[in-house]
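Asks: just need the structure, nothing else, for what follows:
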Amino acid sequence: MLVAVGCAKKEVPHYTISRLVKSDTANMLTVNIAKRLSQADLLSIAAKVKEDSSALTNLQLRYLLPGHNDKNTGENNFYAIAKYPNKGNVTMQDTLKDADGNEVRLRITGLTEQVAKQLLALNPKEIQGKNILGRFVDDYNETVIIPFTDATDPKKEIYIIELDATGKVVSATVPQIDNKDGIQKLVVTHRGDYCTLKDSVLTQYSIDDLGLPYNSIKSGI
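Replies: Modelled structure (predicted):
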(Lines give C-alpha, C1' and ligand atoms only; values in the text may rest on other atoms or scores of the structure.)
Protein backbone atom coordinates (compact mmCIF):
# COMPACT_ATOMS: atom_id res chain seq x y z
CA MET A 1 0.00 0.00 0.00
CA LEU A 2 1.34 3.42 -0.95
CA VAL A 3 0.90 6.12 1.66
CA ALA A 4 0.85 9.77 0.64
CA VAL A 5 3.57 11.78 2.33
CA GLY A 6 2.45 15.33 2.97
CA CYS A 7 3.82 18.55 4.40
CA ALA A 8 1.88 20.02 7.30
CA LYS A 9 1.02 23.70 7.27
CA LYS A 10 3.84 25.72 8.80
CA GLU A 11 5.49 29.10 8.56
CA VAL A 12 6.83 29.59 5.05
CA PRO A 13 10.58 30.42 4.89
CA HIS A 14 11.54 33.65 3.18
CA TYR A 15 11.86 33.42 -0.61
CA THR A 16 11.66 35.62 -3.68
CA ILE A 17 10.73 34.93 -7.30
CA SER A 18 13.21 36.35 -9.80
CA ARG A 19 12.39 34.78 -13.13
CA LEU A 20 9.59 33.15 -15.11
CA VAL A 21 10.42 31.09 -18.19
CA LYS A 22 7.52 29.77 -20.27
CA SER A 23 7.73 26.85 -22.65
CA ASP A 24 5.32 24.47 -24.34
CA THR A 25 5.71 21.99 -21.50
CA ALA A 26 6.20 24.04 -18.33
CA ASN A 27 6.06 27.40 -16.57
CA MET A 28 9.41 27.55 -14.74
CA LEU A 29 9.86 29.90 -11.80
CA THR A 30 13.22 30.66 -10.22
CA VAL A 31 12.73 30.67 -6.45
CA ASN A 32 15.55 32.35 -4.52
CA ILE A 33 16.11 30.92 -1.03
CA ALA A 34 18.40 32.33 1.64
CA LYS A 35 19.92 29.04 2.81
CA ARG A 36 19.79 25.27 2.46
CA LEU A 37 16.32 24.06 3.41
CA SER A 38 14.71 20.79 4.42
CA GLN A 39 12.21 18.92 2.27
CA ALA A 40 9.38 20.19 4.49
CA ASP A 41 10.47 23.82 4.03
CA LEU A 42 10.78 23.42 0.27
CA LEU A 43 7.30 21.88 0.10
CA SER A 44 5.94 24.72 2.23
CA ILE A 45 7.33 27.26 -0.24
CA ALA A 46 6.01 25.21 -3.17
CA ALA A 47 2.47 25.25 -1.76
CA LYS A 48 2.57 29.03 -1.28
CA VAL A 49 3.96 29.66 -4.77
CA LYS A 50 1.36 27.37 -6.34
CA GLU A 51 -1.41 29.15 -4.45
CA ASP A 52 -0.15 32.55 -5.62
CA SER A 53 0.42 31.32 -9.19
CA SER A 54 -2.84 29.50 -9.80
CA ALA A 55 -3.04 30.86 -13.36
CA LEU A 56 0.16 29.02 -14.31
CA THR A 57 -0.16 25.41 -15.47
CA ASN A 58 2.58 22.77 -15.50
CA LEU A 59 4.29 24.67 -12.71
CA GLN A 60 7.97 23.98 -12.06
CA LEU A 61 9.95 25.63 -9.25
CA ARG A 62 13.73 25.86 -9.42
CA TYR A 63 15.23 26.73 -6.02
CA LEU A 64 18.41 28.82 -6.14
CA LEU A 65 20.89 29.50 -3.32
CA PRO A 66 22.52 32.93 -2.86
CA GLY A 67 25.40 33.58 -5.24
CA HIS A 68 24.19 31.06 -7.79
CA ASN A 69 23.16 32.27 -11.23
CA ASP A 70 20.14 30.79 -12.99
CA LYS A 71 21.78 31.49 -16.34
CA ASN A 72 24.70 29.15 -15.65
CA THR A 73 25.14 26.41 -18.22
CA GLY A 74 25.86 23.57 -15.76
CA GLU A 75 23.34 20.81 -15.04
CA ASN A 76 23.27 21.23 -11.27
CA ASN A 77 22.85 24.94 -10.63
CA PHE A 78 19.68 24.58 -8.59
CA TYR A 79 19.44 23.40 -5.01
CA ALA A 80 16.18 21.60 -5.75
CA ILE A 81 13.48 21.34 -8.41
CA ALA A 82 9.78 20.85 -7.69
CA LYS A 83 7.32 19.89 -10.44
CA TYR A 84 3.55 19.80 -10.25
CA PRO A 85 2.21 17.12 -12.60
CA ASN A 86 -1.06 17.66 -14.40
CA LYS A 87 -3.93 15.81 -12.76
CA GLY A 88 -4.11 13.46 -15.74
CA ASN A 89 -0.43 12.56 -15.35
CA VAL A 90 -0.49 11.67 -11.65
CA THR A 91 0.73 8.10 -11.07
CA MET A 92 0.88 5.69 -8.14
CA GLN A 93 4.46 6.82 -7.58
CA ASP A 94 3.33 10.39 -6.86
CA THR A 95 3.04 9.94 -3.11
CA LEU A 96 4.62 13.23 -2.07
CA LYS A 97 2.25 16.13 -1.38
CA ASP A 98 2.69 19.78 -0.45
CA ALA A 99 1.03 21.53 2.50
CA ASP A 100 -2.21 21.92 0.53
CA GLY A 101 -2.39 18.27 -0.50
CA ASN A 102 -1.24 18.76 -4.08
CA GLU A 103 0.89 16.01 -5.62
CA VAL A 104 4.39 17.34 -6.26
CA ARG A 105 7.62 15.80 -7.49
CA LEU A 106 10.60 17.19 -5.56
CA ARG A 107 14.22 16.45 -6.36
CA ILE A 108 16.88 17.89 -4.02
CA THR A 109 20.30 17.92 -5.68
CA GLY A 110 22.09 20.18 -3.21
CA LEU A 111 23.81 19.04 -0.04
CA THR A 112 22.03 19.35 3.29
CA GLU A 113 22.90 22.16 5.66
CA GLN A 114 24.57 19.66 8.01
CA VAL A 115 26.87 18.26 5.30
CA ALA A 116 27.69 21.75 4.02
CA LYS A 117 28.67 22.87 7.54
CA GLN A 118 30.96 19.86 7.89
CA LEU A 119 32.71 20.75 4.62
CA LEU A 120 33.02 24.42 5.58
CA ALA A 121 34.56 23.49 8.93
CA LEU A 122 37.41 21.44 7.42
CA ASN A 123 40.81 22.85 8.36
CA PRO A 124 43.60 20.62 7.01
CA LYS A 125 47.27 21.41 7.49
CA GLU A 126 47.51 22.72 3.91
CA ILE A 127 45.55 25.87 4.78
CA GLN A 128 46.46 26.43 8.42
CA GLY A 129 48.00 29.87 8.91
CA LYS A 130 47.10 30.90 5.36
CA ASN A 131 44.95 33.82 4.16
CA ILE A 132 41.69 32.13 3.20
CA LEU A 133 39.87 33.90 0.34
CA GLY A 134 36.66 31.94 0.80
CA ARG A 135 35.17 28.49 1.30
CA PHE A 136 32.90 27.38 -1.52
CA VAL A 137 30.73 24.25 -1.35
CA ASP A 138 30.52 22.40 -4.66
CA ASP A 139 27.21 20.56 -4.36
CA TYR A 140 27.70 18.50 -7.51
CA ASN A 141 31.11 17.10 -6.51
CA GLU A 142 30.32 17.13 -2.77
CA THR A 143 33.52 19.02 -2.04
CA VAL A 144 34.65 22.39 -0.71
CA ILE A 145 36.88 24.66 -2.81
CA ILE A 146 39.28 26.87 -0.84
CA PRO A 147 41.41 29.53 -2.56
CA PHE A 148 44.10 31.09 -0.38
CA THR A 149 47.34 33.04 -0.32
CA ASP A 150 50.45 32.56 1.79
CA ALA A 151 52.05 35.62 3.41
CA THR A 152 55.45 33.87 3.30
CA ASP A 153 55.26 33.24 -0.45
CA PRO A 154 57.58 35.67 -2.28
CA LYS A 155 55.68 35.09 -5.53
CA LYS A 156 52.34 36.14 -3.92
CA GLU A 157 50.52 33.43 -5.81
CA ILE A 158 46.94 32.27 -5.29
CA TYR A 159 46.50 28.60 -4.43
CA ILE A 160 43.28 26.59 -4.80
CA ILE A 161 42.62 23.27 -3.08
CA GLU A 162 39.51 21.09 -3.14
CA LEU A 163 38.63 18.81 -0.24
CA ASP A 164 36.19 15.93 0.05
CA ALA A 165 34.08 15.24 3.13
CA THR A 166 36.95 13.38 4.82
CA GLY A 167 39.30 16.35 4.44
CA LYS A 168 41.30 14.65 1.70
CA VAL A 169 42.73 16.98 -0.96
CA VAL A 170 41.21 15.85 -4.27
CA SER A 171 42.75 18.65 -6.33
CA ALA A 172 45.39 21.33 -5.83
CA THR A 173 46.08 24.10 -8.31
CA VAL A 174 48.27 27.16 -8.62
CA PRO A 175 46.28 29.07 -11.26
CA GLN A 176 47.85 31.36 -13.80
CA ILE A 177 46.64 34.92 -13.28
CA ASP A 178 45.22 36.67 -16.34
CA ASN A 179 44.18 40.32 -15.83
CA LYS A 180 43.09 40.94 -19.39
CA ASP A 181 40.19 43.42 -19.88
CA GLY A 182 40.27 44.41 -16.22
CA ILE A 183 39.00 41.03 -15.03
CA GLN A 184 41.22 38.80 -12.93
CA LYS A 185 40.90 35.32 -14.33
CA LEU A 186 42.37 32.38 -12.45
CA VAL A 187 43.27 29.95 -15.23
CA VAL A 188 43.13 26.45 -13.74
CA THR A 189 43.73 24.12 -16.71
CA HIS A 190 46.17 23.96 -19.60
CA ARG A 191 43.26 24.28 -22.04
CA GLY A 192 42.24 27.62 -20.54
CA ASP A 193 39.34 26.86 -18.19
CA TYR A 194 39.22 29.54 -15.52
CA CYS A 195 37.38 30.99 -12.57
CA THR A 196 36.86 34.45 -11.13
CA LEU A 197 36.57 35.50 -7.50
CA LYS A 198 34.58 38.66 -6.81
CA ASP A 199 32.29 39.78 -3.99
CA SER A 200 32.70 36.39 -2.25
CA VAL A 201 31.38 34.53 -5.30
CA LEU A 202 33.51 31.96 -7.12
CA THR A 203 32.40 31.73 -10.78
CA GLN A 204 33.67 28.89 -12.95
CA TYR A 205 34.04 28.98 -16.73
CA SER A 206 34.82 26.37 -19.35
CA ILE A 207 36.79 27.47 -22.40
CA ASP A 208 34.07 25.78 -24.49
CA ASP A 209 31.14 27.84 -23.15
CA LEU A 210 31.80 31.10 -25.01
CA GLY A 211 32.16 33.20 -21.87
CA LEU A 212 29.11 31.83 -20.06
CA PRO A 213 29.75 30.38 -16.58
CA TYR A 214 28.82 26.79 -15.82
CA ASN A 215 28.72 27.34 -12.06
CA SER A 216 28.78 30.06 -9.43
CA ILE A 217 29.09 29.57 -5.69
CA LYS A 218 28.80 32.02 -2.80
CA SER A 219 31.29 31.63 0.02
CA GLY A 220 30.08 30.08 3.25
CA ILE A 221 26.65 28.88 2.08
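Asks: low-confidence stretches in the protein?
Replies: For the chain, the stretches flagged by pLDDT under 70 are 1-10, 88-95.
Asks: all helices of it, in order?
Replies: All helices of the chain, identified by DSSP state H, fall at 39-52, 113-120.
Asks: distance to N69 added to these, as CSV?
Replies: Using the backbone N, CA and C atoms, a C-beta is placed for each residue, glycine as well. Output for the helices of the chain, formatted as CSV (distance: least, C-beta to C-beta, whole Å):
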stretch, distance to N69
helix 39-52, 20
helix 113-120, 19
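Asks: K218: which of the ones you listed is closest?
Replies: Among the helices of the chain, the nearest to K218 by C-beta to C-beta is helix 113-120 (11.5 Å).
Asks: which parts of that closest one are buried?
Replies: Residues of helix 113-120 classed as buried: 116, 118-120 (neighbour count, 16 or more other C-beta atoms under 10 Å).
Asks: turn these into CSV, including distance to T152.
Replies: CSV is the format used below for the buried residues of helix 113-120 (distance: C-beta to C-beta, whole Å):
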residue, distance to T152
A116, 31
Q118, 29
L119, 27
L120, 25
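Asks: from those residues, which single one is nearest D193?
Replies: Closest approach between the buried residues of helix 113-120 and D193, by C-beta to C-beta: L119, at 22.5 Å.
Asks: from S219, how far out is that closest one?
Replies: Applying C-beta to C-beta, to the nearest Å, the value for L119 to S219 is 12 Å.
Asks: which neighbours do the two share?
Replies: Common neighbours of L119 and S219, using C-beta atoms under 8 Å, 6 or more residues apart in numbering, are R135.
Asks: please name the residues that touch V144.
Replies: Neighbour list for V144: 119-120, 122, 135-138, 162-163 [criterion: C-beta under 8 Å, 6+ apart].
Asks: now it. Nearest residue, chain neighbours left out?
Replies: L119 (4.0 Å; C-beta to C-beta, 6 or more residues apart in numbering).
Asks: quick check, I127 in contact with F148.
Replies: Yes: counting by C-beta atoms under 8 Å, F148 is a contact partner of I127 at 5.6 Å.
Asks: shared neighbours of these two, anything?
Replies: Common contacts of I127 and F148 (C-beta under 8 Å, 6+ apart): I161.
Asks: thought L197 was touching P147?
Replies: Yes: taking contacts as C-beta under 8 Å, L197 lies within contact range of P147: 6.2 Å.
Asks: give me the more crowded residue out of these two.
Replies: P147 (23 against 18; other C-beta atoms under 10 Å).
Asks: contacting residues around that one?
Replies: P147 is in contact with 132-134, 158-160, 186, 197, 202, counting by C-beta under 8 Å, 6+ apart.
Asks: check E126 too.
Replies: 161, 169, 172.
Asks: adding neighbour count and distance to L29, write those residues out as JSON lines.
Replies: What follows is the contacts of E126, written out as JSON lines (neighbours: other C-beta atoms under 10 Å; distance: C-beta to C-beta, whole Å):
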{"residue": "I161", "neighbour count": "19", "distance to L29": "37"}
{"residue": "V169", "neighbour count": "14", "distance to L29": "39"}
{"residue": "A172", "neighbour count": "11", "distance to L29": "39"}
